[in-house]
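# Sharing a model that was predicted from the sequence below.
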Amino acid sequence: MANARTASVKVGNEMSLPLDSTLGHLLRRSQQRHTAMWTNQFNGDLTGPQYAVLCVVYSSADLDQRAIGEMASLDKSTTADVVARLERRGWLHRSPAPEDARRNIVRLSSPARVALRGITDTARQVQGDLLDSLPATQRQRFIELLGRVAYAGDVPTAERSDGQPVEPVLPLPTAPGHLLRRAEQLHGSAWSRLVGADITPSQYAVLTALSGKPQASQVEVSELASLDKSSGADIIGRLASRGHIVLNRDPEDRRRKVLELAPQGTALLRDVTPTVQSVQDSLTQPLMRPRDKTDLIRHLKGVAYGTT
């Protein structure tokens with residue numbers, strides 16, 4: 001991903017939305033930071049989606065794979081992969097449901113129950129580190145606002161299906177990392193529905209970055225758009241092949257390429273930005289007061305860029 005310590009730069013102008021105050025971009029950047037922190041703490045031994053599945057299986061009895069995926073906010077393919085990996089690890093096991101042998105119930109193994117408390121301590125530390133840039137008095141409000149966006153309204157009660165405390169797992173409806181991933185998924189769905197396939201959120205971010213910083217290098221544009229080196233190069237190449245971006249040699253350093261918006265890219269930005277704004281508005285619809293939206297963007301910006 002792009003450098004999480006990159007300072008927040010106001011990128012955009014009258015033809016595009018400023019990335020550092022646009023909900024979808026901030027959600028993606030915040031999720032990138034969460035993933036990086038999680039990977040650093042767990043050294044690749046356990047992913048966020050795997051932990052979410054463990055939380056769901058612990059918190060709700062007698063679920064099949066489909067229900068687990070829905071509650072963990074994972075698509076069908078990802079759920080199947082995660083459950084299979086945890087099963088091979090010996091942390092999950094499946095057995096036929098008593099009332100329907102064609103339906104497999106997924107349950108935690110004894111080793112997983114033993115390991116969960118220590119895993120949750122680390123997961124809780126990641127959530128705390130993610131919110132470290134926010135004032136302590138504002139963190140709960142941020143979680144509440146983000147939860148309403150992530151669940152498109154009322155947030156589910158964080159409790160076990162049998163009424164027992166959710167320890168030793170994090171309650172997903174109040175876990176910032178889970179809420180970010182869920183809200184980002186809603187953003188992707190709204191984008192597909194309203195904007196369509198002509199331009200992706202990452203491509204829009206690249207064009208927007210160039211609209212505010214012409215003659216920038218590929219590295220600079222990728223950082224502003226919150227893309228890692230490989231993804232940035234691929235997206236820039238695709239936009240250039242479609243005539244939206246022009247790649248030029250830097251007159252002061254012939255080994256360096258600088259980018260600029262082509263007229264076609266400028267026209268695309270102007271045309272699509274009102275619809276991109278409608279995507280952001282659809283996500284914030286559950287926030288009833290203007291102040292709620294303002295506070296969410298302000299706090300999310302702090303999380304996304306690691307700044308107060």
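Yep, that arrived.

# For the stretch 151-300 of the chain, which segments are assigned as helices?
Taking DSSP state H, counting those that start in this stretch to define them, one finds helices in the stretch 151-300 of the chain at 176-194, 201-212, 218-224, 229-241, 263-283, 290-305.

# do the stretch 1-150 of the chain as well
23-42, 48-59, 65-72, 76-88, 110-130, 139-150.

# outside of the third one, which residues touch it?
Counting by Cβ atoms under 8 Å, 6 or more residues apart in numbering, the neighbours of helix 65-72 from elsewhere in the structure are 49, 52-53, 55-57, 60, 63, 75-76, 78-80, 82-83, 104, 106, 172. In this view, the C-beta of every residue, glycine as well, is placed from N, C-alpha and C.

# Please identify the buried residues of it?
For helix 65-72, the neighbour count (16 or more other Cβ atoms under 10 Å) marks Gln65, Ile68, Gly69, Met71, Ala72 as buried.

# Return the member of the residues you listed nearest to Gly306.
If you rank the buried residues of helix 65-72 by distance to Gly306 using Cβ to Cβ, Ala72 comes first, at 26.7 Å.

# mind listing what the closest residue to Pro111 other than its chain neighbours touches?
Once flanking residues are discounted, Pro111 sits nearest to Gly90: 5.9 Å by Cβ to Cβ, 6 or more residues apart in numbering. For Gly90, the contact set (Cβ under 8 Å, 6+ apart) comprises Ser109, Pro111, Ala112.

# got the buried residues for stretch 275-283?
Neighbour-count burial for stretch 275-283, counted by 16+ other Cβ under 10 Å, picks out Val276, Val279, Gln280, Ser282, Leu283.

# so who does the second one touch?
Contact partners of Val279, counting by Cβ under 8 Å, 6+ apart, are Gly24, His187, Ala190, Trp191, Leu194, Val195.

# Might you report the residue contacts of the residue lying closest to Gln138 once chain neighbours are set aside?
Spatial nearest neighbour of Gln138, chain neighbours left out: His299 (6.1 Å); criterion: Cβ to Cβ, 6+ apart. By Cβ under 8 Å, 6+ apart, the residues touching His299 are Leu134, Gln138, Arg141, Phe142, Leu145.

# hmm, try it at 7 Å
Listed by Cβ atoms under 7 Å, 6 or more residues apart in numbering, the contact partners of His299 are Leu134, Gln138, Phe142.

# same thing with Arg117?
Pro168.

# And the one 5 residues further on, by the same measure?
Contacts for Thr122 were tallied using Cβ under 7 Å, 6+ apart; they are Gln41, Phe42.

# at 10 Å what do you get?
Trp38, Gln41, Phe42, Asp45, Leu46, Tyr51 (Cβ atoms under 10 Å, 6 or more residues apart in numbering).

# wait, which of the residues you listed is closest to Thr208?
Distances from Thr208 to the contacts of Thr122, taken by Cβ to Cβ, are shortest for Trp38, at 27.7 Å.

# How confident is the prediction for the residue nearest to Leu116 when sequence neighbours are not counted, by pLDDT?
Distances taken as Cβ to Cβ, 6+ apart place Pro168 nearest to Leu116, at 4.9 Å, with adjacent residues excluded. Pro168 carries a pLDDT value of 83.

# hmm, back to that, any idea which of the contacts of Gly90 is closest to Lys213?
Using Cβ to Cβ, the contacts of Gly90 come closest to Lys213 at Ala112, 48.3 Å.

# so how far is Val106 from the closest one?
11 Å (Cβ to Cβ, to the nearest Å).

# Give me the common contacts of those two.
Joint contacts of Ala112 and Val106 (Cβ under 10 Å, 6+ apart) are Val57, Leu86, Leu92, His93.

# thought the second one was touching Ala115?
So that's Leu86. No. Using Cβ atoms under 10 Å, Leu86 makes no contact with Ala115, being 11.2 Å away.

# Please report phi then psi for the residue nearest to Pro111.
phi 90, psi 20 (degrees, to the nearest 10).

# same question for stretch 119-139, mean pLDDT?
Rounded mean pLDDT across stretch 119-139 is 96.

# Distance from the chain centre to that stretch, please.
Relative to the centre of its chain, stretch 119-139 is centred 16 Å away, using Cα atoms, centre = their mean, to the nearest Å.

# Stretch 105-125 now?
23 Å.

# buried residues in that stretch?
Ile105, Val106, Arg107, Leu108, Ala112, Ala115, Leu116, Ile119, Thr120, Ala123.

# try stretch 56-64
Applying 16+ other Cβ under 10 Å to stretch 56-64 flags Val56, Val57, Tyr58, Ser59, Leu63 as buried.
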